[in-house]
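[1] with the input below, show me the fold.
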Amino acid sequence: MREITVSKLSKILKEHKKWCDTDKKEGEKADLSGTNLSGTDLSDADLSNVNLSGADLSDANLSRAKLSLANLSSANLYRANLRKANLSANLIGANLSRASLLCADLSAAILMDANMSEADLSSANLSLANLFSANLYRANLSCADLVDASLSLADLSGANLTQVENLSINKLSEVKTLYKAKLDPELMEQVKDEYPHLLEELEKEKLINPKMTRYFGISIKSASEIDKENEEDYEEEDEE
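    All right, here's what the predicted structure looks like:
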């Protein structure tokens, strides 16, 4: 993890702002990939187009920050304050667990495989967001807007989905699980009638949806098969 001083960070962001303001003619685009920014106060900062892939932003204050088109793939945003931030960005594989995203703009964000467990997404704008295979375990999505968002294979177990805008039974039919999720009464009845299996607890062997293997064109073995192979490996090591 790359360390950085406050003064150097300030200089980098100043040059980046000039780069943005002059249509890339002056200044320099910021590259903060793999940088340790844990606990840093970046509230109201303009981080649009910045490369933050793999950066550690855990416990950072990014409230009202502009992160549109930023690269936050595999970034650690655990418990980060992202209230009212503009996050129309690349968040593939990012860790947003327990992050505060109240009223955040995540429109058109790419959140494939992102960990958003126990995150507060209440009143967030998730229109056109790609949440393929995202982990939304116990996340609060109350009053969020999901118009044209993709929830394919998303884990919504224990999630609060009450008063969510543009949430339909068709959209829910694509998720991985709704085990112990909170839904508005009418939508809950529809799920019980049409897709009752989504309300059941998943077995270990079913945690990875078969649809995902077809999407990526790979073969995924069951937990029992993996355990058996591990046992055989240990036996071979003992013999050696």
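
[2] kindly state the domain boundaries assigned to this protein.
    Per automatic domain parsing, the structural domains of the chain span 1-202, 204-240.

[3] mean confidence score for the shortest one?
    Here the mean pLDDT over domain 204-240 is 48, rounded to a whole number.

[4] please renumber so the chain begins at 14
    Got it, first residue is 14 now, which makes that one domain 217-253.

[5] where does this protein dip in pLDDT?
    216-253 (pLDDT under 70).

[6] quick one on the thing from earlier: tell me the most buried of the domains of the chain?
    When you average the neighbours per residue for each of the domains of the chain (mean count of other C-beta atoms under 10 Å), domain 14-215 leads with a mean of 20. (C-beta placed from N, C-alpha, C; glycine too.)

[7] give the contact list for the most centrally placed residue in the chain.
    Centroid check for the chain by C-alpha atoms, centre = their mean gives residue 127 as the closest residue, at 3.1 Å. Residues counted as contacts of residue 127 (C-beta atoms under 8 Å, 6 or more residues apart in numbering) are 104, 105, 106, 107, 108, 109, 144, 147, 148.

[8] quick one, phi psi at it?
    Main-chain dihedrals, residue 127, degrees, to the nearest 10: phi -70, psi 150.

[9] doesn't residue 97 make contact with residue 114?
    No. Residue 114 is beyond contact range of residue 97, at 9.2 Å (criterion: C-beta atoms under 8 Å).

[10] ok, now how distant is residue 15 from residue 68?
    Residue 15 is 9 Å from residue 68, where distance means C-beta to C-beta, to the nearest Å.

[11] what residues are shared contacts of those two?
    47, 48, 49.

[12] these into TSV, with extra columns for distance to residue 75 and secondary structure?
    Compiled in TSV, the shared contacts of residue 15 and residue 68 are given as follows (distance: C-beta to C-beta, whole Å; DSSP: H, G, I helix; E, B strand; the rest coil):
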residue	distance to residue 75	secondary structure
47	18	coil
48	14	strand
49	15	strand
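
[13] show me the helices in this protein, by range?
    Taking DSSP state H as the test, the helices found in the chain are 19-34, 182-185, 198-207, 223-229, 236-252.

[14] would you check how far apart residue 193 and residue 82 are?
    For residue 193, the distance to residue 82 - C-beta to C-beta - is 36 Å.

[15] actually residue 169, not the one I typed
    As defined by C-beta to C-beta, residue 169 lies at a distance of 27 Å from residue 82.

[16] quick one, what contacts residue 96?
    76, 77, 113, 114, 115, 116, 117.

[17] next, the contact list for the spatially closest residue to residue 154 that is not a sequence neighbour, please.
    Closest residue in space to residue 154, ignoring its immediate chain neighbours: residue 134 at 4.8 Å, by C-beta to C-beta, 6 or more residues apart in numbering. Residues in contact with residue 134 (C-beta under 8 Å, 6+ apart) are 114, 115, 117, 119, 152, 153, 154, 157.

[18] how about residue 25?
    The neighbours of residue 25, taking C-beta under 8 Å, 6+ apart as the test, are 17, 41, 43, 45.

[19] what sits in contact with each of residue 114 and residue 97?
    Common neighbours of residue 114 and residue 97 (C-beta under 8 Å, 6+ apart) do not exist.

[20] pull up the distance across stretch 173-192, start to finish.
    Terminal residues of stretch 173-192 are spaced 11 Å apart (C-alpha to C-alpha, to the nearest Å).

[21] all set now, cheers.
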